[in-house]
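1. Quick check, what structure comes out for this input:
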Amino acid sequence: METSAVAENVNQPRSIERVVAGMPTSDGAGVKLTRVLTQPLQTRLDPFLMLDAFGTDNPDDYIGGFPNHPHRGFETVTYMISGRMRHRDSAGHEGLLSNGGVQWMTAGHGIIHSELPEQEAGRMEGFQLWLNLPAKDKMCPPWYRDIQTGDIPEVRVAGVTARVIAGNTHGVAGAMRREGTHPLYLDLHFDAGASFSQKLPAEHNAFVYVYRGELVIAGVSLPAQRMAILANASGADGVVLKASGNTPARALLIAGQPLGEPIVQHGPFVMNTDAEIAAAVDDYRTGKLGRESASA
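-> Reported below is the predicted structural model:
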């Protein structure tokens with residue numbers, strides 16, 4: 001659903017502080033992926049905890065999916081570029097995520113869920129982002145929403161199509177909003193040579209991940225499969241991204257307000273203290289985690 005744009009003028013663009021190459025790994029039942037935002041970057045990119053990118057035409061790389069596993073204390077945002085994934089959880093929810101769709105799940109006080117492919121051939125590609133919850137919300141009831149591709153707002157700006165998963169861009173509100181972290185999540189599709197400007201609050205942490213083609217940010221080239229952490233320079237009011245050369249490009253632009261709270265992670269649990277982590281592990285081991293249902 002495409003809407004008209006309102007100009008966003010950036011007077012002092014952010015530069016690139018650091019370029020990050022993801023780490024090849026596997027998760028679930030052997031699903032091959034690239035971990036782009038890793039645990040050592042969590043404080044720098046607060047409120048974001050993790051970004052995984054996956055993409056393959058080989059069913060052996062994804063067919064096992066992600067069988068039942070627990071979460072507590074944060075949100076997961078799964079964005080499918082292509083492929084079909086079935087979600088089931090301990091609260092009785094079930095949904096199908098397919099081409100261009102997003103599942104936004106709040107684990108809250110705890111949920112056990114599975115994400116399993118509903119295909120045996122073809123390409124599976126997408127991203128999973130972990131977004132932290134404020135301490136006051138970490139034990140909230142679990143919740144989730146499946147957002148089909150047609151329900152994600154889009155805006156066309158001078159050769160760039162922006163899919164607005166969360167936040168606001170060029171006068172268009174995204175499919176999701178979150179108080180506390182105020183995330184911006186854009187999937188940007190660039191025509192060859194096109195550029196895109198986005199206003200960003202100076203205090204928000206932000207990064208760009210290129211997954212097709214190449215971008216130029218403040219004079220620095222950023223190739224595919226690389227993440228650029230954007231500098232939090234005083235006076236900077238946004239970012240300008242430009243597709244490099246004569247080829248199209250695609251990238252994620254993600255930003256949010258840092259929580260500034262302690263981050264303690266143990267596998268699928270992210271809390272504020274070691275004692276809270278110990279309680280999460282104990283609740284999972286004794287079958288208490290994920291037992292309570294919540295409204296979808």
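
2. All the strands of the stretch 151-296 of the chain, residue numbers only.
-> Taking DSSP state E, counting those that start in this stretch to define them, one finds strands in the stretch 151-296 of the chain at 154-157, 160-166, 168-169, 172-173, 184-190, 195-199, 205-212, 214-217, 220-223, 226-230, 238-243, 249-256, 264-266, 269-271.

3. Sheet-wise, list the partners of the third one with their directions.
-> Listed by DSSP bridges, the sheet partners of strand 168-169 and their directions read strand 172-173 (antiparallel).

4. The fifth one now?
-> Listed by DSSP bridges, the sheet partners of strand 184-190 and their directions read strand 160-166 (antiparallel), strand 249-256 (antiparallel).

5. Spatially central residue for this structure, please.
-> residue 129 (3.0 Å; C-alpha atoms, centre = their mean).

6. Not counting its neighbours along the chain, what's nearest it?
-> residue 77 (4.4 Å; C-beta to C-beta, 6 or more residues apart in numbering). (C-beta placed from N, C-alpha, C; glycine too.)

7. Quick check: residue 75 touching residue 105?
-> Yes - between residue 75 and residue 105 there is a contact at 6.4 Å, judged by C-beta atoms under 8 Å.

8. Cross-check the contact I'm expecting between residue 41 and residue 20.
-> Yes - using C-beta under 8 Å, residue 41 is in contact with residue 20, at 7.3 Å.

9. got any residues that touch both of those two?
-> residue 229 (C-beta atoms under 8 Å, 6 or more residues apart in numbering).

10. the more surrounded of those two?
-> residue 41 (20 against 17; other C-beta atoms under 10 Å).

11. you'd agree residue 140 is up against residue 109?
-> Yes - in this structure, residue 140 is within contact of residue 109 by C-beta under 8 Å, at 6.7 Å.

12. between these two, which one's more packed in?
-> Remark: of residue 140 and residue 109, residue 109 carries more neighbours, 21 against 15, as counted by other C-beta under 10 Å.

13. For the more buried one, give me the pLDDT.
-> With respect to pLDDT, residue 109 has a value of 96.

14. quick one: the nearest residue to it once chain neighbours are set aside from residue 267, how far?
-> Closest residue to residue 109 apart from its sequence neighbours, by C-beta to C-beta, 6+ apart: residue 139 at 4.3 Å. Relative to residue 267, residue 139 is positioned 18 Å away (C-beta to C-beta, to the nearest Å).

15. So if I had to pick from these two, which one is more boxed in?
-> residue 139 (16 against 12).

16. Go ahead and confirm that one touches residue 133.
-> No - using C-beta under 8 Å, residue 139 is not in contact with residue 133, being 9.1 Å away.

17. which residues do those two both contact?
-> Jointly contacting residue 139 and residue 133 under the rule C-beta under 8 Å, 6+ apart are residue 108.

18. Next one: residue 32 from residue 260, what distance?
-> For residue 32 relative to residue 260 (C-beta to C-beta), the value is 35 Å.

19. Kindly report the same for residue 161.
-> From residue 161 to residue 260 the distance is 34 Å (C-beta to C-beta).

20. out of those two, which sits in the more crowded spot?
-> residue 161 (17 against 10).

21. pLDDT value on that one, please?
-> 97.

22. For the stretch 151-296 of the chain, give me the ranges with low pLDDT.
-> Within the stretch 151-296 of the chain, the ranges that satisfy pLDDT under 70 run 292-296.
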